[in-house]
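**Q** Based on what follows, work out the 3D shape:
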Amino acid sequence: MKFMKLGTRPDTFYTEEATRTVTSDTPTDLILRINNINYLLHKFALLPKCGLLQQLCPTDDGEITIDLHDIPGGEEAFELCAKYCYGITINFSAYNFLPAFCAAKFLRMTEAVEKGNFVLKLEAFFHSCILEGWKDSIITLQTTIKLPEWSESLGIARRCMDSIVEKILTPPPKVTWSYTYTRPGYDKKHRQSVPRDWWTEDISDLDIDLFRYIIVAVRSTNTFPSQLIGEALHVYASRWLPDTTGTGTIESAASQPEEITVKNRRILEAIVSMIPAERGSLSINFLLRLLSLANYLGSSPLTKTELVRRSSQQLEEATASDLLFPSYSTSDQHLHDVELVRSVLESFWVLWRRQAPGPSEKGESMRSVRKVGKLIDSYLQVISKDVNMPASKVVSLAECLPDVARPLHDDLYKAINIYLKEHPDLSKADKKFLCRILDCQKLSPEVRAHAVKNERLPLRTVVQALFFDQEKTARGATTPHNSLASYDTTTRGKETLAAREDQGKQKLSPEVRFPRADGPTIFVTETSTTDHPRIMQPDIKLPRELERKLVMRETEEGVESSEKAKDLQKLVMAEKGGKGSSVPSKAVKSSLKSATSNGASAKGKDDSSGKPKKGRKVQFDSEGLGDGIFGFSSGGKADSLLNKLNLGKGGKGDKTGKAAKSSAPKEPLPLELRVEQELPKHAKCLMDCEATEILQGIQEQMVILSEDPTIKIPVMPKNGIHYADPASVRRALEPLTRYGVTEGEICVIGNVCPETPDEVFALVPSLKAKKSKLAEPLKDVLAELVKLKKAT
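**A** Predicted structure coming up:
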């Protein structure tokens with residue numbers, strides 16, 4: 001820092017009560033009042049150099065009093081000018097230059113009044129010393145905040161800013177002035193080269209408005225990369241904003257004065273507005289700290305939204321410790337702000353779905369998604385150690401991840417295990433609620449083996465882990481866990497309805513399977529704050545009672561194929577407890593043959609040629625059947641395992657001895673469509689044409705998943721779609737609801753396209769009870785469907 005020394009006389013000013021005077025043998029004849037201080041001085045010393053005092057003083061020699069309350073810089077600046085007039089020694093630097101210069105301008109101590117006057121000397125010091133120095137310019141610029149109008153009108157602030165920007169743009173090898181650089185690990189004595197961010201610490205001493213002007217001016221030159229601008233913002237924020245990572249933050253924040261909180265909020269919002277648009281200009285750690293601080297200071301929603309968006313762009317670069325935001329809510333007893341993490345995660349999925357990566361970017365996009373999945377599971381493991389963390393928070397955050405982000409559930413299992421360990425008093429219902437997010441099929445063999453022996457898990461979760469472990473062992477190879485078609489329906493058919501209800505909603509695997517044309521499709525959209533819909537299918541399970549009903553109904557109405565009849569008969573014998581019965585390995589489709597237009601028998605008898613005539617097939621989607629394939633098995637390892645685990649129909653194994661005691665078969669009950677009873681909450685039955693329209697809408701997004709070899713892109717069905725306008729079909733069928741026709745029955749009618757009311761009653765036996773009142777309305781509805789089909 002440079003200085004300027006003026007005058008040679010010693011300082012003789014002294015204070016007496018509220019009066020400042022100078023030691024002299026000559027009596028004072030000039031009284032100047034500035035604020036609350038009176039200065040007793042001499043005309044002969046001040047008037048020759050001050051044009052303003054010459055104008056205000058009369059020509060007589062008497063004592064005069066003048067008020068100078070509006071002098072810039074106050075009494076301190078005036079005293080510097082007065083000492084200069086008396087020739088007293090004074091030292092000028094960047095700290096006191098501005099008030100002295102403004103006061104001299106106010107008193108008109110210019111060259112016109114006296115040659116070589118005070119203003120001329122101060123201007124020379126400003127140009128030769130202050131503007132040439134690095135830190136002098138910054139200090140002088142900082143003093144302008146006390147005299148903004150004078151410094152602006154005199155051009156001091158503008159010239160200081162230009163000098164600072166010019167020095168910042170100087171190439172590092174040409175930097176010869178002193179600067180402050182205190183980064184950890186930087187040894188200035190042993191470093192020959194100047195770091196590119198050498199200027200960031202010194203300008204962090206400026207007021208936020210002056211700092212903003214410097215940053216905007218530097219960015220406008222397009223000389224520096226965005227990362228260097230981000231580093232300057234990082235240094236400034238660390239210099240002025242509070243650190244919320246320590247303990248006791250909430251108490252200290254409450255005790256802070258309101259003006260400090262307002263000042264910090266203003267600084268934070270200004271920093272956010274200066275963040276460069278380029279991705280990666282700030283580290284994800286710093287962005288998340290700013291987000292936590294914005295939540296702490298109560299910043300505007302616009303600031304929070306911008307920080308959430310910025311953070312979500314780089315979320316895959318974060319670590320679990322970066323996401324540990326302290327909770328500032330007085331109503332929450334837990335330590336971490338889970339909702340803030342959830343908002344960043346949801347913003348990440350929104351941005352990820354909007355982008356359309358090219359062929360070369362698909363792999364990188366999938367890696368980014370998997371990184372975020374592992375990050376959230378690691379974060380869940382940390383917050384699960386919080387004894388006050390509610391299970392609903394953990395489940396809510398875990399469900400924000402789609403299946404594609406979590407190919408394995410090993411890390412999720414660890415988080416659940418930690419939570420159960422830290423919350424030993426958790427109720428049985430909460431344990432089941434927590435474990436519903438775990439898919440035992442996606443556990444590695446080692447983790448699944450641990451889950452089987454884990455006494456903290458609910459019994460149902462242990463059973464599922466054991467079931468899939470035994471199932472994969474029986475197959476001799478690991479089944480791809482994300483293919484719904486790979487499920488062994490023969491073993492899953494023995495699970496009870498209660499077990500499925502307890503298990504809760506399942507997530508759709510990335511492979512989307514299309515329904516058959518002769519059964520209603522179930523499309524389920526879960527109600528969630530995330531905006532990625534999930535398609536869910538019911539478990540492929542067949543209760544034994546339904547097997548018996550379907551087989552007996554087909555036997556009564558006639559089975560055309562003798563081989564099929566034999567297989568069905570064997571199945572009935574197996575149900576009744578017959579020994580040695582075998583079950584066909586292929587899935588048997590339950591269908592009812594309808595009468596053809598040429599008068600064929602409604603019972604499905606063979607014609608004269610011995611070949612079966614074509615008939616309509618109706619699939620009854622009941623007891624959780626989703627895709628129209630029934631599987632039967634008996635005697636397998638999975639069957640024996642489920643019987644041991646009490647998952648049979650009767651609760652204690654599927655015993656058939658009692659059934660064998662019945663001498664006469666019971667009257668078979670009519671088939672019923674019970675789809676609505678099996679649907680979870682928020683589910684709706686859809687016709688094939690409606691489901692196809694929906695799946696076509698999401699197929700474009702599913703294409704980006706094709707980089708994963710275990711994921712299949714949905715293929716649109718080529719056959720079985722009879723209508724091109726699903727909305728018109730739905731409107732045409734809507735009148736039937738007034739006569740008690742259910743959604744499932746409407747979907748069957750829309751899928752199979754019947755032509756006459758008798759055909760409807762044959763294909764949908766559950767409507768026969770309403771035949772009298774449905775006959776006439778059906779004629780009008782079917783006539784409208786024929787028109788729509790012809791239009792298609």
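**Q** Now the phi/psi pair for Asp197, please.
**A** Phi and psi for Asp197, reported as degrees, to the nearest 10, are phi -100, psi 30.
**Q** which SS state does the residue nearest to it when sequence neighbours are not counted fall under?
**A** Once flanking residues are discounted, Asp197 sits nearest to Glu231: 5.0 Å by Cβ to Cβ, 6 or more residues apart in numbering. The C-beta positions use only the backbone N, C-alpha and C, and glycine is treated the same way. State at Glu231, reduced to three classes by DSSP: H, G, I helix; E, B strand; the rest coil: helix.
**Q** pLDDT score assigned to Glu231?
**A** What the model reports as pLDDT for Glu231 is 95.
**Q** Can you give me the neighbour number for Glu690?
**A** Glu690 has 21 neighbours, counted by other Cβ atoms under 10 Å.
**Q** Got phi/psi on it?
**A** phi -70, psi -40.
**Q** Quick check: chain neighbours aside, which residue is closest to it?
**A** Once flanking residues are discounted, Glu690 sits nearest to Pro726: 4.3 Å by Cβ to Cβ, 6+ apart.
**Q** residues touching that neighbour, list them.
**A** Counting by Cβ atoms under 8 Å, 6 or more residues apart in numbering, Pro726 makes contact with Met687, Cys689, Glu690, Glu693.
**Q** Got the phi and psi for it?
**A** phi -60, psi -30.
**Q** Report the buried residues of stretch 72-92.
**A** By 16 or more other Cβ atoms under 10 Å, the buried positions in stretch 72-92 come out as 72-75, 77-86, 88, 90, 92.
**Q** just stretch 760-768 next, same as before
**A** Neighbour counts over stretch 760-768 (16+ other Cβ under 10 Å) mark Val760, Phe761, Ala762, Leu763, Val764, Pro765, Ser766, Leu767 as buried.
**Q** As JSON lines, those residues with distance to Val387, secondary structure and pLDDT would be great.
**A** Shown next, in JSON lines, are the buried residues of stretch 760-768 (distance: Cβ to Cβ, whole Å; DSSP: H, G, I helix; E, B strand; the rest coil; pLDDT from 0 to 100):
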{"residue": "Val760", "distance to Val387": "60", "secondary structure": "helix", "pLDDT": "84"}
{"residue": "Phe761", "distance to Val387": "62", "secondary structure": "helix", "pLDDT": "83"}
{"residue": "Ala762", "distance to Val387": "63", "secondary structure": "helix", "pLDDT": "82"}
{"residue": "Leu763", "distance to Val387": "59", "secondary structure": "helix", "pLDDT": "82"}
{"residue": "Val764", "distance to Val387": "56", "secondary structure": "coil", "pLDDT": "84"}
{"residue": "Pro765", "distance to Val387": "57", "secondary structure": "helix", "pLDDT": "84"}
{"residue": "Ser766", "distance to Val387": "53", "secondary structure": "helix", "pLDDT": "84"}
{"residue": "Leu767", "distance to Val387": "57", "secondary structure": "helix", "pLDDT": "85"}
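**Q** Find the pair from the residues you listed with maximum spatial separation.
**A** Ala762 and Ser766 (11.7 Å; Cβ to Cβ).
**Q** pLDDT value on Asn751, please?
**A** Note on Asn751: pLDDT of 83.
**Q** Now it: which helix or strand?
**A** With elements taken from DSSP states H and E, the one containing Asn751 is helix 743-752.
**Q** where are the low-confidence patches of the chain?
**A** Along the chain, the parts satisfying pLDDT under 70 run over 60, 187-192, 245-255, 330-332, 356-362, 475-683, 696-721, 790-792.
**Q** That one: strands as residue ranges?
**A** For the chain, the strands defined by DSSP state E occupy 4-6, 13-16, 19-22, 30-34, 37-41, 64-67, 90-92, 521-524, 683-686.
**Q** Go through these and pick out the most buried.
**A** Ranked by mean neighbour count under mean count of other Cβ atoms under 10 Å, these are led by strand 521-524, which reaches a mean of 23.
**Q** for Ile88, what are its contacts?
**A** Taking Cβ under 8 Å, 6+ apart, we find Ile88 in contact with Gly7, Arg9, Pro10, Asp11, Thr12, Phe13.
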